[in-house]
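> Starting from these lines, generate the structure:
(chains A and B)
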Amino acid sequence: QQPVQSPQAVILREGEDAVINCSSSKALYSVHWYRQKHGEAPVFLMILLKGGEQKGHEKISASFNEKKQQSSLYLTASQLSYSGTYFCGTELADADYGQNFVFGPGTRLSVLP
Amino acid sequence: DGGITQSPKYLFRKEGQNVTLSCEQNLNHDAMYWYRQDPGQGLRLIYYSQIVNDFQKGDIAEGYSVSREKKESFPLTVTSAQKNPTAFYLCASSIVSLGQGVYNEQFFGPGTRLTVL
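Numbers count the residues shown, from 1 in each chain, chains lettered A, B, ... in the order given. You can find the predicted model right below:
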């Protein structure tokens, strides 16, 4: 049930772009994205709902392909502050009410000067 | 300012002891969650609560217990039955429980780092 994230880790130079992917084997209702800096709490970035709605920070963009059960997070013109571990969380479309949300293993992003 | 507080930030426990981690929120959220994070790993759900006086086991509930007597509070007890409790523990809340298909971001507390000596 846990989604798969790729790549596991990525290293960038400032100004470069990156894409982080999240995929599930089951039909999804929504995908959530969070960023966690070392030793800190995860911070919300974006939610993408089935049907195309999304809510998140202006400087973050993401896509959600419902048919493929995949989501991608796009980080453009990366800054040093983008460094951290990015987690996707998936909400299943057909599960019973309640516990149907699970986080992926994370993608570690390092932005170098 | 609204938010989630966790205490203590660091906690040391001897083997065989029970310890309780505090989590308080003033966001007026119905749902609260406890996650465990091991070094270099993702977040695994221990327990969650959708409403006061109600809670359900997550993926790794064995060796843990919770209570939800007040909307604002969701303490987690790590019992002696938990064989490997050293980890970073995160508490979170959301307006309503995840799974209801609504915009529902989770707000996280700063975490408690538990070490068993």
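
> Could you find the closest non-adjacent residue to residue A:37?
Computed as CB to CB, 6 or more residues apart in numbering or on different chains, the closest residue to residue A:37 that is not its neighbour in sequence is residue A:84, at 4.5 Å. Every C-beta, even on glycine, is put in place using the N, C-alpha and C of the backbone.

> The one you found against residue A:38, yeah?
Yes. Judged on CB atoms under 8 Å, residue A:84 makes contact with residue A:38 at a distance of 7.3 Å.

> is residue B:92 in a bridge, and if so with what?
Residues in a beta bridge with residue B:92, per DSSP bridges, are residue B:33, residue B:108.

> Pretty sure it sits against residue B:37.
No. Contact status for residue B:92 versus residue B:37: not in contact, 11.6 Å apart, counting by CB under 8 Å.

> Between these two, point out the one with more neighbours.
Between residue B:92 and residue B:37, counted using other CB atoms under 10 Å in any protein chain shown, the more crowded position is residue B:92 (26 against 20).

> Give me the pLDDT value at the more buried one.
pLDDT for residue B:92: 95.

> wait, what's in contact with it?
If a contact means CB atoms under 8 Å, 6 or more residues apart in numbering or on different chains, then residue B:92 has B:4, B:32-35, B:106-109 as its contacts.

> Turn those residues into CSV, columns for pLDDT and distance to residue B:42.
Below are these laid out as CSV (pLDDT from 0 to 100; distance: CB to CB, whole Å):
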residue, pLDDT, distance to residue B:42
B:4, 95, 20
B:32, 93, 19
B:33, 93, 14
B:34, 96, 15
B:35, 95, 9
B:106, 89, 14
B:107, 92, 18
B:108, 95, 14
B:109, 96, 17
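
> Would you mark the buried spots in the lowest-mean-pLDDT helix or strand in chain A?
In chain A, no helix or strand scores lower on mean pLDDT, DSSP states H and E than strand A:54-56, which sits at a mean of 78. Within strand A:54-56, the residues scored as buried using 16 or more other CB atoms under 10 Å in any protein chain shown are A:54, A:56.

> Can you tell me how far residue A:19 is from residue A:56?
16 Å (CB to CB, to the nearest Å).

> Output the below-cut-off pLDDT ranges for chain A.
For chain A, the stretches with pLDDT under 70 are A:58, A:95-99.

> which residues of it fall in strands?
For chain A, the strands defined by DSSP state E cover A:4-6, A:9-13, A:18-23, A:28-36, A:43-49, A:54-56, A:61-65, A:70-75, A:84-92, A:101-103, A:107-112.

> Would you mind giving the ones you listed as TSV with distance to residue B:84 added?
Converted to TSV, those look like this (distance: least, CB to CB, whole Å):
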stretch	distance to residue B:84
strand A:4-6	24
strand A:9-13	25
strand A:18-23	28
strand A:28-36	22
strand A:43-49	28
strand A:54-56	35
strand A:61-65	35
strand A:70-75	32
strand A:84-92	22
strand A:101-103	20
strand A:107-112	23
